[in-house]
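predicted structure and sequence below. I'll ask about it afterward.
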Amino acid sequence: MKKTGTFLVGFHVPIAGGFVAAASYASSLKINAMQIFSKNPRGWSSKPVDKAEAIEFRAQRKKAGIKFVMIHTCYLLNLASQDEELRKKSVKALAAELERAELLGADCLNTHVGSCKGCPPEDGIKTVARSVNEAFKLCVKSPVLVLENTSRLRPSIGGSFRDLGAVINLVEDKSRIGICLDTAHAFGAGYDVRSAAGLNSLLKEIDSEIGLAKLRAIHFNDSKAVLGSGIDRHEHLGRGEIGKAGVSLLLKNPKLKDLPFIMETPRSSPEDDRKNIATVLKLRVFA
Ligand SMILES: [Zn+2]
């Protein structure tokens, strides 16, 4: 993505009313980045994206000044599965997700790597890379696929940036792959982003294992769970264990400043989103 110098910030936005309504909701919050599902995230089936609706979504997005759109894959995908039937089903579903993301004009497609249910981590890593390579062959043109870190370290994979780097190493077309840093997940996995030293060592690890240029987006969430808990529970910005000081550090880090910050914070009404965006803008003031 081009560096615009503009602070890119937004939310995961519901698509219950369709893609166009999602863009309108984003516009009502005055955000310039958003994430959506392109289908029901809890089911395998998907009807193709309606071409006319995709065109309207792109137009609405442009009109609303939304500079970054990321699609999140459905939750059922397991690219690491050692059950060949489930893995193949996941590859097909990922290829379909890549295609829908392309049609919607998204900038990135975000996915979890899945779990190999206790298999040796090296096997899980190889399996994820094989699945990604196969999906790229099924869908040859798409936005960049970003792998999201999880909140758990060993024995599962995806909690450490070394794992994600090992996967990327085995992906044939590296121009099509990157990562998304979820701050709550990183915190759950034991990366202490509350301190400058902790955040710097995390960014150093990303740089040495993957390369910072491959970091394409931030899932910007506070955490209900404590450091290293292995638990994935998102909290409103500044009100969780990462807290205001940690949130502010993340927002002001020069290495992250050109990346889109997408919140996946709890929402019982639009008021929650308005509060979170206000918190972010308040904590991003540079002295
Ligand atoms: Zn996330």
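Nice, thanks for sending it over.

residue numbers of the stretch 151-287 of the chain in contact with the ion?
Asp182, His219 (C-beta under 5 Å from the ion). Where C-beta positions appear, they are placed from N, C-alpha and C, glycine not excepted.

ranges for the strands of the stretch 1-150 of the chain?
Assigned by DSSP state E, counting those that start in this stretch, the strands in the stretch 1-150 of the chain fall at 9-12, 33-37, 68-72, 108-111, 144-148.

paired strands for the second one, with orientation please.
The one in question is strand 33-37. strand 9-12 (parallel), strand 68-72 (parallel) (DSSP bridges).

next, format those as JSON lines and append mean pLDDT and mean neighbour count.
Shown next, in JSON lines, are the strands paired with strand 33-37 (pLDDT from 0 to 100; neighbours: other C-beta atoms under 10 Å):
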{"stretch": "strand 9-12", "mean pLDDT": "98", "mean neighbour count": "24"}
{"stretch": "strand 68-72", "mean pLDDT": "98", "mean neighbour count": "25"}
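
let me have those strands in TSV, extended by distance to the ion.
Output for these, formatted as TSV (distance: least, C-beta to the ion, whole Å):
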stretch	distance to the ion
strand 9-12	8
strand 68-72	8
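
out of these, nearest to Asn221?
strand 9-12 (9.7 Å; C-beta to C-beta).

with just CA atoms, put the closest one into PDB.
Extracted C-alpha coordinates of strand 9-12, given in PDB (Å, rounded to 0.1, in the frame of the first residue of the first chain):
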ATOM      1  CA  VAL A   9      -7.900   4.100  11.500                       C
ATOM      2  CA  GLY A  10     -11.200   2.200  11.600                       C
ATOM      3  CA  PHE A  11     -13.200  -0.900  12.700                       C
ATOM      4  CA  HIS A  12     -14.300  -4.300  11.800                       C
END
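
what is the burial count for the nearest residue to Cys74 once chain neighbours are set aside?
Residue nearest to Cys74 in three dimensions, not counting chain neighbours: Pro41, with 4.5 Å by C-beta to C-beta, 6 or more residues apart in numbering. Pro41 has 13 neighbouring residues, counting by other C-beta atoms under 10 Å.

how about the helices in this protein?
19-28, 51-63, 84-103, 121-138, 161-170, 183-188, 196-209, 243-252, 270-283 (DSSP state H).

so for Gly18, which of the strands of the stretch 1-150 of the chain sits nearest?
strand 33-37 (10.2 Å).

can I get the helices of the chain in a markdown table with mean pLDDT and mean neighbour count?
Listed next are those as a markdown table, based on pLDDT from 0 to 100; neighbours: other C-beta under 10 Å:
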| stretch | mean pLDDT | mean neighbour count |
| --- | --- | --- |
| helix 19-28 | 97 | 19 |
| helix 51-63 | 97 | 15 |
| helix 84-103 | 97 | 20 |
| helix 121-138 | 97 | 20 |
| helix 161-170 | 97 | 21 |
| helix 183-188 | 97 | 27 |
| helix 196-209 | 97 | 16 |
| helix 243-252 | 96 | 20 |
| helix 270-283 | 96 | 16 |
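
what residue in the stretch 1-150 of the chain comes nearest to the ion?
Glu148 (5.4 Å; C-beta to the ion).

Asn78: what's it in contact with?
Contact analysis of Asn78 by C-beta atoms under 8 Å, 6 or more residues apart in numbering lists Leu86, Arg87, Ser90, Gly114, Ser115.

nearest residue to it other than its sequence neighbours?
Going by C-beta to C-beta, 6+ apart, Asn78 has Gly114 as its nearest residue, at 3.5 Å.

what do you get for Leu8?
Nearest one to Leu8, counting by C-beta to C-beta, 6+ apart, is Pro260 at 3.9 Å.

tell me the contacts of that neighbour?
Leu8, Val9, Gly10, Ala33, Lys67, Phe68, Met70, Ala217, Ile218 are the contacts of Pro260 under C-beta under 8 Å, 6+ apart.
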